[in-house]
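Asks: quick one, structure for this:
(one chain, ligands or ions: 2)
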Amino acid sequence: MRIVVLSGGVGGSRFVRGVREAIHRATDEPWAGAALDVIVNTGDDWWLAGLRIAPDHDSLLYTLSAQNDEARGWGRVGESERVSSELHAYGVAPEWFTLGDLDLGTHIARSAWLRAGETPSEVARRLGARWPLGATLHPATDTEVDTHVVTTNGERLHFQEWWTRHRASLPVERFEQNNIADAAPSPGALSALAAADVVLLAPSNPVVSIGTVLAVPGMRDAVLSAGPSGSAPVVGVSPIIAGAAVRGMADACLTAIGVDTDAAAVGRHYGARGSGGLLDAWLIGEEDAALVNGLIADGLDTRAVPLWMRDLDTSAALAAAALAAAGEHARA
Ligand code: GDP
Ligand code: CA
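Replies: Residues are numbered from 1 along each chain as shown. Ligands and ions are numbered 1, 2, ... in the order given. All right, here's what the predicted structure looks like:
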């Protein structure tokens with residue numbers, strides 16, 4: 001069995017770690033021993049101090065290799081910031097963006113390989129080869145599609161500046177991805193989807209993580225026709241519980257595209273396959289169980305399950321619930 005997950009950074013990596021654990025723990029379930037591919041959002045990537053930074057990829061890399069700082073929730077464990085204080089002193093990197101010393105090692109390696117002519121896909125393979133990740137990470141696209149925010153004042157700034165410096169506080173007119181019309185899914189993303197038995201949408205930001213992955217021309221069709229006979233079910237997991245984003249500011253992104261911060265609204269935003277959307281099934285929190293019947297009446301198979309990924313057990317149980325829902329939608 002092959003499982004493909006579409007993912008952003010922090011929320012996505014917790015979920016992907018849960019999927020990996022569910023695969024390990026399974027005995028009789030069809031996903032025992034499954035292969036795991038992750039299609040990673042690249043919209044948050046940017047150039048800083050001459051270095052290519054890929055925050056969502058690196059969140060996955062560090063989480064799956066157990067190099068992440070569990071207490072802080074992001075970055076490398078045992079991190080220091082000696083180099084970054086030098087960069088700040090020279091005015092080369094902004095004070096509001098943390099560049100840890102160990103993390104800089106990853107950025108330097110990535111940038112060196114890119115400058116030597118390798119694609120982001122090849123770079124991801126090289127970075128991932130260092131540790132046994134139990135998953136293959138594929139950038140959604142090899143084209144630079146950095147997300148930009150156009151504010152209601154007409155200012156255009158890189159997503160990182162809006163998100164990290166301004167804490168998503170500037171009102172958004174729209175999000176734009178550079179070069180998006182010319183982008184195509186990475187070869188690894190396409191071959192993973194072509195071989196997939198199940199596609200899962202991680203409980204990542206629906207706008208600037210999953211939305212950006214799906215905005216790559218050809219990606220949405222590849223998801224909808226995933227699997228050797230085009231029949232892989234697609235199951236989404238809500239990042240919104242009880243009307244709020246868990247850890248983070250996803251509400252600012254949803255508001256910007258006119259979607260309520262609500263598990264039902266996000267489910268309708270992705271949409272049911274039967275009515276032109278993406279999803280065969282949608283998982284929402286037990287806190288939102290009252291929304292289930294309305295969504296089912298709209299044609300979206302919705303289940304209320306424990307949605308908080310507190311630790312490996314709860315993450316693996318959530319992943320297993322998503323895989324079980326997919327199993328019920330397996331089309332011959
Ligand atoms: P980012 O790229 O680092 O912003 O991370 P993602 O886009 O992958 O995920 C961000 C989303 O993860 C946020 O909108 C949160 O609501 C969601 N999230 C974080 N922790 C949890 C959790 O324990 N359960 C669920 N269901 N969602 C979570
Ligand atoms: Ca991100």
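
Asks: C-alpha only now, for contacts and for neighbours.
Replies: Fine.

Asks: just the helices in the protein please.
Replies: Along the chain, the stretches classed as helices by DSSP state H are 10-25, 55-64, 82-90, 101-115, 120-128, 159-160, 187-194, 210-215, 219-224, 250-256, 263-270, 292-297, 312-328.

Asks: in a markdown table: the ones you listed, plus distance to ligand 2, mean pLDDT and mean neighbour count.
Replies: Formatted as a markdown table, those follow (distance: least, C-alpha to the ion, whole Å; pLDDT from 0 to 100; neighbours: other C-alpha atoms under 10 Å):
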| stretch | distance to ligand 2 | mean pLDDT | mean neighbour count |
| --- | --- | --- | --- |
| helix 10-25 | 7 | 98 | 24 |
| helix 55-64 | 5 | 98 | 24 |
| helix 82-90 | 21 | 94 | 14 |
| helix 101-115 | 16 | 98 | 17 |
| helix 120-128 | 16 | 98 | 19 |
| helix 159-160 | 9 | 96 | 23 |
| helix 187-194 | 18 | 98 | 21 |
| helix 210-215 | 9 | 98 | 22 |
| helix 219-224 | 18 | 98 | 19 |
| helix 250-256 | 10 | 94 | 20 |
| helix 263-270 | 18 | 98 | 21 |
| helix 292-297 | 28 | 98 | 16 |
| helix 312-328 | 19 | 98 | 20 |
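
Asks: let me have those in TSV, adding distance to residue 4 as columns.
Replies: Below are these laid out as TSV (distance: least, C-alpha to C-alpha, whole Å):
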stretch	distance to residue 4
helix 10-25	10
helix 55-64	14
helix 82-90	36
helix 101-115	24
helix 120-128	16
helix 159-160	26
helix 187-194	7
helix 210-215	13
helix 219-224	10
helix 250-256	23
helix 263-270	17
helix 292-297	25
helix 312-328	11
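
Asks: so which of these is nearest residue 172?
Replies: Closest approach to residue 172 among the helices of the chain (C-alpha to C-alpha): helix 250-256, 5.6 Å.

Asks: who are the packing partners of that closest one?
Replies: Using 3 or more C-alpha pairs under 8 Å, 6 or more residues apart in numbering; DSSP states H and E, the elements in contact with helix 250-256 are strand 172-177.

Asks: neighbours of residue 287, just the number please.
Replies: 14 (other C-alpha atoms under 10 Å).

Asks: next: residue 198.
Replies: So residue 198, with other C-alpha under 10 Å, has 26 neighbours.

Asks: again with residue 174
Replies: 15.

Asks: for residue 284, which non-adjacent residue is closest in space?
Replies: residue 304 (4.9 Å; C-alpha to C-alpha, 6 or more residues apart in numbering).

Asks: that neighbour and ligand 2, how far apart?
Replies: Taking C-alpha to the ion, to the nearest Å as the measure, residue 304 falls 26 Å from ligand 2.

Asks: re the thing from before, which stretch among the helices of the chain comes nearest residue 233?
Replies: helix 312-328 (5.6 Å).

Asks: tell me the residues of this structure that contact ligand 1?
Replies: 7-12, 56, 203-205, 209, 238-240, 245-248, 250, 307-310 (C-alpha under 6 Å from any ligand atom).

Asks: right, and the residue nearest to residue 284 touches residue 283 too?
Replies: Yes: taking contacts as C-alpha atoms under 8 Å, residue 304 lies within contact range of residue 283: 5.9 Å.

Asks: name the residue in these two with the higher neighbour count.
Replies: residue 283 (25 against 17).

Asks: the more buried one reaches residue 306, doesn't it?
Replies: No: at 9.1 Å, residue 283 does not count as touching residue 306 under the criterion of C-alpha under 8 Å.

Asks: residue of the stretch 201-332 of the chain closest to ligand 2, please.
Replies: residue 209 (5.8 Å; C-alpha to the ion).

Asks: show me what contacts that residue?
Replies: 7, 8, 9, 41, 43 (C-alpha atoms under 8 Å, 6 or more residues apart in numbering).

Asks: out of those residues, flag the one nearest to residue 23.
Replies: residue 7 (17.5 Å).

Asks: now the residues of the chain next to ligand 1: which count as buried?
Replies: For the residues of the chain next to ligand 1, a burial check counting by 16 or more other C-alpha atoms under 10 Å picks out 7-12, 56, 203-205, 209, 238-240, 245-246, 250, 307, 309.

Asks: which of these fall in strands?
Replies: 7, 240, 245 (DSSP state E).

Asks: tell me which of these has the lowest pLDDT.
Replies: Looking at those by pLDDT, the weakest one is residue 245, with 91.

Asks: report the beta-bridge partners for that one.
Replies: Under DSSP bridges, the beta-bridge partners of residue 245 are residue 240.
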